[in-house]
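Participant: structure, please.
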Amino acid sequence: MLKFSIIIPVRKINDYVKESIIRIKKLDYQDFEVFIITDEKEDYDFEESRIIILESGNVGPGEKRNLGAKYATGDILAFLDDDSYPEYSWLTNAAKIFEDSEVFALGGPAVTPEDADYLERMSGYLFESAVVSGKTTYRYKPEEKRMIDDYPSVNLFVRKSAFEQVGGFPVEFWPGEDTKLCLDLVAKFGRNFPYDPDVQVYHHRRNVFEPHLKQISRYGQHRGQFARIFPETSRIPMYFAPSVFVLGLFAGPILSIISPNLFSFYLLSLLFYFGALFFESFKFSEKEEDSEKARFDFIKGVFLTHVYYGINFLIGIMKKPNLKLKKYDEKTGNYVEG
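Facilitator: Numbers count the residues shown, from 1 in each chain. Prediction:
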């Protein structure tokens, strides 16, 4: 029977981690241990010996996860973010996949919690839409099985022996440490790894609009940087599209002065863009009691997401982003950025 080591990096014990541990204790697969890695020593008692709190100092998430992996005694490392929690059969379904000794890693969807409030749900709708996430919507909602070469650490499994062979997470990147780990794993084993919709967690979203856009800005800088230095998984059209949109958005009026005929094309392009967003919004707005407000917020959210991501992607390509650590609310311990 495979043993899992669940690893959760966090600044300090917060409400999300407490929620996650409650859910973890109820899993239908019980051969596991949990490592919660905090900045400073914590006296909080989860009343179970296999839930271990480690002190790491003020370091990044990658270094925290590496510390957890160092102490892990399980066959499989199961990485969660502090603001996520697993579905009941999470480990049972993962164990079935890892029965195949050729599987070195595994990813699963991180969906919006069913009890999320409106602002959090709206952020979830944005990520679930192809006009924001392109071909990676499977990261945010269950979709068909596939093979992948890159996956976020919010719901990522890695066989411990494979993790050790590539040296774990790179500590110089945040965000992006999970992308680099996946690059190293795929290069080491010469093949991709599976995504399975049945290996599911729930992931709290950043509320729209300011927290969501701060997160999107960091994602954009990370992907821009990786497009420059790691083209294997990041130099693809999907990641460049928002930047092309932003350049066109600001260059259109200027070019229209030079060539008035371009102004009609510019207006038609914007009309087509917002028309497409309007029709896309119906997929999500009907789930809300105030569908008109939801439709407006969705369109506004997509537009701002494209602008913020596009600008920061260009910054990431031209200049190494500031890899600062996450900020958190001193009162609750919950992350407010990252």
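Participant: what's the pLDDT at residue 239?
Facilitator: Per-residue pLDDT puts residue 239 at 85.
Participant: for residue 58, same thing?
Facilitator: pLDDT, residue 58: 89.
Participant: check residue 323 too.
Facilitator: Looking at residue 323, the pLDDT reads 44.
Participant: once you drop chain neighbours, what's closest to the most centrally placed residue in the chain?
Facilitator: Nearest residue to the geometric centre of the chain (C-alpha atoms, centre = their mean): residue 152, 4.9 Å. Spatially, and ignoring its direct neighbours in sequence, residue 152 is nearest to residue 178 (5.3 Å; C-beta to C-beta, 6 or more residues apart in numbering). C-beta here means a position set from N, CA and C on the backbone, and glycine is covered the same way.
Participant: pretty sure the one you found sits against residue 155.
Facilitator: No: using C-beta atoms under 8 Å as the test, residue 178 is too far from residue 155 to be in contact (10.5 Å).
Participant: hmm, back to that, dump the residue contacts of the residue nearest to residue 152.
Facilitator: 79, 151, 152, 153, 156, 169 (C-beta atoms under 8 Å, 6 or more residues apart in numbering).
Participant: then residue 216?
Facilitator: Residue 216 neighbours (C-beta under 8 Å, 6+ apart): 305, 308, 309, 312.
Participant: wait, is it part of a strand?
Facilitator: No: checked against DSSP: H, G, I helix; E, B strand; the rest coil, residue 216 lies outside a strand; its state is helix.
Participant: distance of the residue nearest to residue 152 relative to residue 151?
Facilitator: 7 Å (C-beta to C-beta, to the nearest Å).
Participant: got it, and residue 308?
Facilitator: For residue 308 relative to residue 151 (C-beta to C-beta), the value is 23 Å.
Participant: can you tell me the closest non-neighbouring residue to residue 76?
Facilitator: Counting by C-beta to C-beta, 6+ apart, the residue nearest residue 76 is residue 4, at 5.0 Å.
Participant: which neighbours do residue 178 and residue 155 share?
Facilitator: residue 79.
Participant: and residue 287, backbone torsions?
Facilitator: With angles defined as degrees, to the nearest 10, residue 287 sits at phi -80, psi -10.
Participant: burial count for it?
Facilitator: Neighbourhood size, residue 287 [other C-beta atoms under 10 Å]: 10.
Participant: distance of it from residue 161?
Facilitator: Residue 287 is 43 Å from residue 161, by C-beta to C-beta.
Participant: also residue 128?
Facilitator: 35 Å.
Participant: okay, these two: which has more neighbours?
Facilitator: Shown here are residue 128 and residue 161; by other C-beta under 10 Å, residue 128 has more neighbours (19 against 10).
Participant: who touches that one in this structure?
Facilitator: Residue 128 touches 112, 137, 140, 141, 284, counting by C-beta under 8 Å, 6+ apart.
Participant: confidence score at it?
Facilitator: 97.
Participant: and for the one 5 residues further on?
Facilitator: What the model reports for residue 133 is a pLDDT of 95.
Participant: which one is residue 63 nearest to, not counting chain neighbours?
Facilitator: Here the residue nearest residue 63, using C-beta to C-beta, 6+ apart, is residue 171, at 4.5 Å.
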